[in-house]
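S.K.: below are the sequence and a predicted model for it; my questions follow.
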Amino acid sequence: MDLIQYIESKIKLSTEECEAINAAFKKEGYPKGTNLVQPDNRSHKIYFVEEGLIRLFYINQEGKDITHFFFGENNFTMSVENVYFNNPDPYGREVLEDSTLRIIHFREFTDLLDKVSAFKSFSFLVAIDMLKRFSDRLFSLQFQTAEQRYKIFIDNYPNILLRAPLGDIASYLGITQQTLSVIRSKK
């Protein structure tokens, strides 16, 4: 689904509002393996995934690459740390498969919020959805077993299992790739 179709599935927009949003978000294609930004970046870009898959990751104290989240089609990702707190973003973003992204700088995004009042409601809905997803993730890491986390992952994100490397999925689940293989063999 493209950006405008996605937004219109959530809120009602006029033709002029659709045109303003469409013009503000630039369309760019990225091949698999592209690092959009490295950890500790200062990017103020907002990304919407029209096609493809992005991995949010960080490097832990031992230098190990850890997957924090996946963003597939119809998802937004941005650095809250940079935009709201003027801190380096600890997360990098990697393209896991050829992807089509819509990109806007945060300053232009806030201008768009002023121009298109309905877009404010939509942005609020997106923020609440992301807050809920990250809250669920935190809960699962704190209170669920590896098997429970895997089951919830395949229930909620079955297509990512087929699209992301198993090492990235294991890292996201907080387990080793060997443990993931054992869990998968039981299913």
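M.R.: Good, I have the coordinates.

S.K.: surely residue 88 is in contact with residue 82?
M.R.: Yes. Taking C-beta atoms under 8 Å as the definition, residue 88 is a contact partner of residue 82 at 7.2 Å. C-beta: built from backbone N, CA, C; applies to glycine.

S.K.: quick one, which of the two is more surrounded?
M.R.: Taking other C-beta atoms under 10 Å, residue 88 and residue 82 do not tie; residue 82 has more neighbours (18 against 14).

S.K.: so which helix or strand takes in the more buried one?
M.R.: When elements are defined using DSSP states H and E, residue 82 is found to belong to helix 80-85.

S.K.: can you list contacts of that helix?
M.R.: By C-beta atoms under 8 Å, 6 or more residues apart in numbering, the surrounding residues in contact with helix 80-85 are 41, 42, 43, 44, 87, 88, 89, 90, 106.

S.K.: list the buried residues for stretch 2-14?
M.R.: Of the residues in stretch 2-14, those buried under the neighbour-count criterion (16 or more other C-beta atoms under 10 Å) are 2, 3, 4, 6, 7, 8, 13.

S.K.: ok, the fifth one touching residue 22?
M.R.: Read it as residue 7. No. The pair residue 7 and residue 22 fails to qualify as a contact (C-beta under 8 Å) at a distance of 9.6 Å.

S.K.: where do the helices sit along the protein?
M.R.: 3-8, 15-24, 80-85, 106-115, 117-143, 146-156, 158-163, 166-173, 177-186 (DSSP state H).

S.K.: ok, and for the second one, which residues are buried?
M.R.: Think helix 15-24. 17, 18, 20, 21, 24.

S.K.: in a markdown table, list the residues you listed along with distance to residue 162 and pLDDT.
M.R.: Putting these into a markdown table (distance: C-beta to C-beta, whole Å; pLDDT from 0 to 100) gives the following:
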| residue | distance to residue 162 | pLDDT |
| --- | --- | --- |
| 17 | 36 | 95 |
| 18 | 33 | 95 |
| 20 | 36 | 96 |
| 21 | 31 | 96 |
| 24 | 33 | 97 |
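
S.K.: this completes my enquiry, with thanks.
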